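# quick one: sequence and predicted model below, then my questions.
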2 protein chains.
Amino acid sequence: MENITIKVLASRLNLSATTISKALKDSYEISEPTKQRVRALAAELNYTPNTYARSLRTRKSETIAVVLPEIADHFFALVINGIESVVREMGYHVLIYLTHEDYEREKEILQYIKNGRIDGLLISITKNTITSDHIAQLEQENIPVIFFDRIIEQLQVPKVVTNDFESSYQATEHLLNCGCKKIGVCTIFADLELSKQRIMGYKQALKDNHITIDVDQVLCCTEDDKTYDQIYHKLQSVNRPDGLIAIVDKLTLPIYQACENSGLRIPEDLKVISFSNNPSASILNPSLTTISQPAFLIGQAAARLLINSLGPKYEQVQQDITIIPSELIIRTSTSLTNR
Amino acid sequence: MENITIKVLASRLNLSATTISKALKDSYEISEPTKQRVRALAAELNYTPNTYARSLRTRKSETIAVVLPEIADHFFALVINGIESVVREMGYHVLIYLTHEDYEREKEILQYIKNGRIDGLLISITKNTITSDHIAQLEQENIPVIFFDRIIEQLQVPKVVTNDFESSYQATEHLLNCGCKKIGVCTIFADLELSKQRIMGYKQALKDNHITIDVDQVLCCTEDDKTYDQIYHKLQSVNRPDGLIAIVDKLTLPIYQACENSGLRIPEDLKVISFSNNPSASILNPSLTTISQPAFLIGQAAARLLINSLGPKYEQVQQDITIIPSELIIRTSTSLTNR
DNA sequence: ATTATTTACTTTATCGTTAACGTAAATAAT
DNA sequence: ATTATTTACGTTAACGATAAAGTAAATAAT
């Protein structure tokens, strides 16, 4: 079957290839009757332009890459939904790359996508990303980059995040209001800016409420396969918390399991709040109080920023940070109980 | 900043562009010393080939598209993980397109990606996809297509699915073994082949156990916003089931909520099994008995089939179906209770 | 010693599209 | 009536890579 190219259309209509190209772009240089003939034949033969030829010529691919740690995570899935909603409207395409929290893999990917292929990049770094050269390099090649959620603070690149500090502060105050005396916080991503912010928010809330900060109540589970044990151990200890903030959704499972297995009752013995977007939070037993992050909106905002920066004017995107607030959704896991 | 192309390398080394190209491909036509010089300079200048130029010439893009209804669904997220694991190994790239269960959107997307851009397609159709012309058309353009999970039975295209019939049969027998007398089944995707298979499996199990099939126990919730009401209503009725099979994960939430709100106890009053890959199944209360689909393996198998069909030999992929079995994971929601 | 083959390249053409520039005919301006 | 401008196209070249075909020099075969 013959490949339908612009040349085929041209020879059939006794026009030049350029004229076809211009006609299909609705250029003012082409007369209306000619445009109609061209469009009619293009439709009849089901012509679609060859992406590669076009991109080679125009140096635009209408394709962006999304690089992120994980997709089987409701937060990131929702972010992608947000990105897709914008990208679709703008007629762009999305390449997805998963790092699986592997820093080396992240560097590989960025190397991979450098030449051609993408017009811009949305990225959420791995928990181990320590340098930013691989990202800065893309910028040097004039590929705009936007960070979302997991950012590198120092890099002069637009960022879209939630109000990590404030929402953690708010969560801590909520636990205090529920009568908690010893509040702990737990993370698995010690080095991420968002973890630091959330822990700072927690500490600030304690400080503002004149409560001494006990470093022992900040639990960093950095080794994946020991997370459960560390939590279980903590909840068994004499110095166990009576309120716990989980900085990531992934901690919900081990926390609930550790309580189940150690006989601790939620919320009677331990009140729990988790940063989470998981819809099953409402049918857990007890239902889980969450800080629900605006994942969809983060995706949208990041995608808009990126696509705007690809526009014709190319005004150097100002180095800025977009903050979209999270929402505290109070459920049973922090219910008041009389003891 | 000058763009590093093959020509730049060529002029710097006093070689022709073709020689550079061949050297970088480790062609036998180029001498070892020359290859080394070329590789050294390429590395020094951080050369990466222009994807579009290459794809235009070779008619290969090393890119596949994945078209699927939804990403914020643990099953599909795991499928993507599986796909990514294979694609990554093979050096391919993945474009993601979401249909959001919109059939028109699905057609648009396929039109969209027709020319150039992708070498092959992995697709799981929307709940409303009734014709297959848009898919057959891609095949005509020599773009191989593989179905996964949600297939069109009639289309002569390789398919990767789980054992829908058998696992549903097995689930039904499990409920019978737990003493259920009136087993219901519930779906939101009446027209999908997988729904039909699962319902057939359920019916066959009843038949084989000499139980009359009551069509009233097959609940099709086709309108999204009425799902909860229909389930609630069903569970309130005189003819309510004492065992329920949920054909998709999305039904877990409304079923648990309806039980909560109507005072039905799981598993005492109603035993529940759901097709689900959601990790929170184990911390629901009661924990949920699931048929866990091999999502990751489905993704891998589909991706392998596709990429193999892109290979040089291009032996017409046999019209076949790959079936990867699901696993019944028994938890508390189907525990035996004495009544 | 002559021819055949191999080695290591180069030249040319092309993938499909579009940017840049060119031009004949028609229309408008003076 | 002459020049200027506009309209509606066409020609050429190029994006960067590679397939196809060509070639000089070196080596092997007879």
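Noted; the coordinates are in hand. Numbers count the residues shown, from 1 in each chain, chains lettered A, B, ... in the order given.

# show me which residues of the stretch 201-339 of chain A are close to chain B?
Contacts of the stretch 201-339 of chain A with chain B, taken as C-beta under 8 Å from any C-beta of the partner chain, map to A:252-253, A:256-257, A:260, A:278-280, A:282-286. For the C-beta atoms, the positions are set from N, CA and C on the backbone; glycine is no exception.

# pull the most distant pair out of the residues you listed.
Pairwise distances across these peak at 21.1 Å for A:260 and A:279 (criterion: C-beta to C-beta).

# for residue A:139, which non-adjacent residue is spatially closest?
Leaving aside its chain neighbours, residue A:139 sits nearest to residue A:145 (5.8 Å; criterion: C-beta to C-beta, 6 or more residues apart in numbering or on different chains).

# list the beta-bridge partners for the one you found.
residue A:121 (DSSP bridges).

# among the residues of the stretch 201-339 of chain A next to chain B, which ones are buried?
With burial judged by 16 or more other C-beta atoms under 10 Å in any protein chain shown, the buried subset of those is A:252-253, A:256, A:278, A:280, A:282-286.

# closest one of the residues you listed to chain B?
residue A:285 (2.7 Å; C-beta to the nearest C-beta).

# contact partners for that closest one?
B:284-286 (C-beta atoms under 8 Å, 6 or more residues apart in numbering or on different chains).

# reformat these as CSV; add secondary structure and distance to residue B:204.
Below are these laid out as CSV (DSSP: H, G, I helix; E, B strand; the rest coil; distance: C-beta to C-beta, whole Å):
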residue, secondary structure, distance to residue B:204
B:284, strand, 29
B:285, coil, 32
B:286, coil, 28
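
# and which of these is nearest to DNA strand C?
residue B:284 (53.0 Å; C-beta to the nearest atom of the strand).

# how about the closest one, what does it touch?
Contacts for residue B:284 were tallied using C-beta under 8 Å, 6+ apart; they are A:280, A:283-285, B:252, B:256, B:333.

# quick one: pLDDT of it?
Looking at residue B:284, its pLDDT reads 91.

# for residue B:170, see how far away it is.
As judged by C-beta to C-beta, to the nearest Å, residue B:284 and residue B:170 stand 21 Å apart.

# before we move on, what about residue A:144?
Separation of residue A:144 from residue B:170 (C-beta to C-beta): 52 Å.

# between the two, tell me which one has more neighbours.
Comparing residue A:144 with residue B:170 by other C-beta atoms under 10 Å in any protein chain shown, the one with more neighbours is residue A:144, at 23 against 19.

# ok, that one touching residue A:311?
No: if you go by C-beta atoms under 8 Å, residue A:144 and residue A:311 don't touch, sitting 10.4 Å apart.

# need the residues of the stretch 201-339 of chain A next to chain B in TSV (columns: distance to residue B:293 and secondary structure).
Shown next, in TSV, are these (distance: C-beta to C-beta, whole Å; DSSP: H, G, I helix; E, B strand; the rest coil):
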residue	distance to residue B:293	secondary structure
A:252	22	helix
A:253	20	helix
A:256	24	helix
A:257	23	helix
A:260	26	helix
A:278	19	coil
A:279	19	helix
A:280	17	helix
A:282	24	helix
A:283	20	helix
A:284	22	strand
A:285	25	coil
A:286	29	coil
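
# any idea which of those is closest to DNA strand D?
Of those, the one sitting nearest to DNA strand D (C-beta to the nearest atom of the strand) turns out to be residue A:278, at 44.6 Å.

# ok, now which ones touch the closest one?
Contacts for residue A:278 were tallied using C-beta under 8 Å, 6+ apart; they are A:74, A:249, A:252, A:290, B:280.

# widest-spaced pair of these?
Spatial extent of the contacts of residue A:278 (C-beta to C-beta) is set by the pair A:290 and B:280 at 12.6 Å.
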